[in-house]
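A.B. asks: Dropping a prediction and its sequence here:
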Amino acid sequence: MKIKLEVFEGPLDLLLYLIKKEEIDIYDIPIAKITEQYLEYLEFMKLLDLGIAGEFILMAATLMHIKSKMLLPPDPNEVTQEEEMDPRLELVQKLLEYKKFKEAAGQLFEMEVKQKDVFTRGAASVDMPEDNSKPCFEASLFDLITAFNKILKDIPKEVFYEVIKDEFTVEGKMHDIFHMLVNKPALFFSDLFKNAKNKFEVVTIFLAILELIRLKEIVAVQDRPFSEIKIERNPENIKPIAHPVTP
C-alpha cells in the first residue's frame, strides 16, 4: 500500500527539520553534511514506498549542485563579485521565506483553535472533558521516520531474514492500532513495534501509523521537540456530549 507523501511535508520542511535537529545556523549551512542527511532520508522514504513527490528529487539535485560548487577550488581568473557569491544564498533565502510562511500559518491555526472554544449566547452547552494535560508538540513525518529508523537499527539482523509475505496488511494493522487506543489514551511509538515478528511486520505497522495520521484518526505528539513520540486518538474525532440549554 503506497502512502502519498504530499499530505505530510515537502523538501523545505525536511531541510528545516534537519537544520533544527542538528542545531545548525541557517545562515551558515554545512552543505555537505545536510546533503548527506537529506539523501539518507530520501533513500529511506523510497525504501518505504512513500510516493516521493518530484520536488524532493529536485531539491536533492539542487543540494548536490551547491555542494559541487562549494567543493571546487576558486578560479583565480573569475571576477571578484562572482567569487564572493555564496552558492547557498538562494537556498537560505527560500528557507527563511518558507519558515516565515509556516510560522504565520501556525499562528492562524492557533487563532482558529481558540475560536472553536467561543460559544455564542443560546448555544447548546457542551460537556467537554477536563484537559489537565501539559502542552505538547505535533510530531512531523520526519520525527516519525527518525524514530522508526532507530527501531529498525535495534532489531536483531537475523529477524530481518524472517519474512512471511501477506501475513500482515496495512488495513489489519490500522485496525489493531485503533483498537489499542480505545483501551489506552496514548501509546509510545516504540511500544507499537515490540511484538513484531519480522521486518515486514515492522514496516507494515509504520505504514499503518502514517495512514491513520493521514486520515486524521490519530495524532503523533511529543512533550518537546525531538523527544519520544506518543500516539493518541485525534481529539477532534472524540465527540463531546451536548445538552440543550435550559430556559
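C.D. replies: Nice, I can see it.

A.B. asks: Leu15: which element?
C.D. replies: Using DSSP states H and E, Leu15 sits within helix 11-21.

A.B. asks: just the strands in the protein please.
C.D. replies: Along the chain, counting by DSSP state E, strands occupy 125-127, 137-138, 186-188, 218-222, 229-233, 241-243.

A.B. asks: could you redo those strands as JSON lines and give each row mean pLDDT?
C.D. replies: Listed next are the strands of the chain as JSON lines, based on pLDDT from 0 to 100:
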{"stretch": "strand 125-127", "mean pLDDT": "48"}
{"stretch": "strand 137-138", "mean pLDDT": "81"}
{"stretch": "strand 186-188", "mean pLDDT": "94"}
{"stretch": "strand 218-222", "mean pLDDT": "92"}
{"stretch": "strand 229-233", "mean pLDDT": "94"}
{"stretch": "strand 241-243", "mean pLDDT": "45"}
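
A.B. asks: The residue nearest the centre of the chain and Ala61: what is the separation?
C.D. replies: For the chain, the residue nearest the mean C-alpha position is Leu141 (1.6 Å; CA atoms, centre = their mean). To Ala61, Leu141 is 21 Å away according to CB to CB, to the nearest Å. Using the backbone N, CA and C atoms, a C-beta is placed for each residue, glycine as well.

A.B. asks: surely the residue nearest to the centre of the chain meets Glu9?
C.D. replies: Yes - assessed by CB atoms under 8 Å, Leu141 is found in contact with Glu9 at 5.5 Å.

A.B. asks: By mean pLDDT, point me to the weakest helix or strand of this protein.
C.D. replies: strand 241-243 (a mean of 45; mean pLDDT, DSSP states H and E).

A.B. asks: Could I get the full set of helices for the chain?
C.D. replies: 11-21, 31-47, 54-71, 80-84, 89-116, 141-154, 157-160, 170-183, 199-214 (DSSP state H).

A.B. asks: and Arg233, which of the ones you listed is closest to it?
C.D. replies: helix 170-183 (4.9 Å; CB to CB).

A.B. asks: What does the pLDDT read for the residue nearest to the centre of the chain?
C.D. replies: As predicted, Leu141 sits at a pLDDT of 86.

A.B. asks: Same question for Pro235.
C.D. replies: So Pro235 comes in at 84 (pLDDT).

A.B. asks: And for it, nearest residue in space, chain neighbours not counted?
C.D. replies: Val219 (7.7 Å; CB to CB, 6 or more residues apart in numbering).

A.B. asks: Quickly note the distance from that neighbour to Leu181.
C.D. replies: Counting by CB to CB, the gap between Val219 and Leu181 amounts to 11 Å.

A.B. asks: joint contacts of those two?
C.D. replies: Ile231, Glu232, Arg233 (CB atoms under 8 Å, 6 or more residues apart in numbering).

A.B. asks: The last one contacts Leu181, correct?
C.D. replies: Spelled out, it's Arg233. Yes - the criterion here is CB under 8 Å, and Arg233 meets it with Leu181 at 4.9 Å.

A.B. asks: list residues touching both of the two?
C.D. replies: Ile218.

A.B. asks: chain center to stretch 174-190, what's the gap?
C.D. replies: Distance, stretch centre to chain centre, for stretch 174-190: 19 Å (CA atoms, centre = their mean, to the nearest Å).
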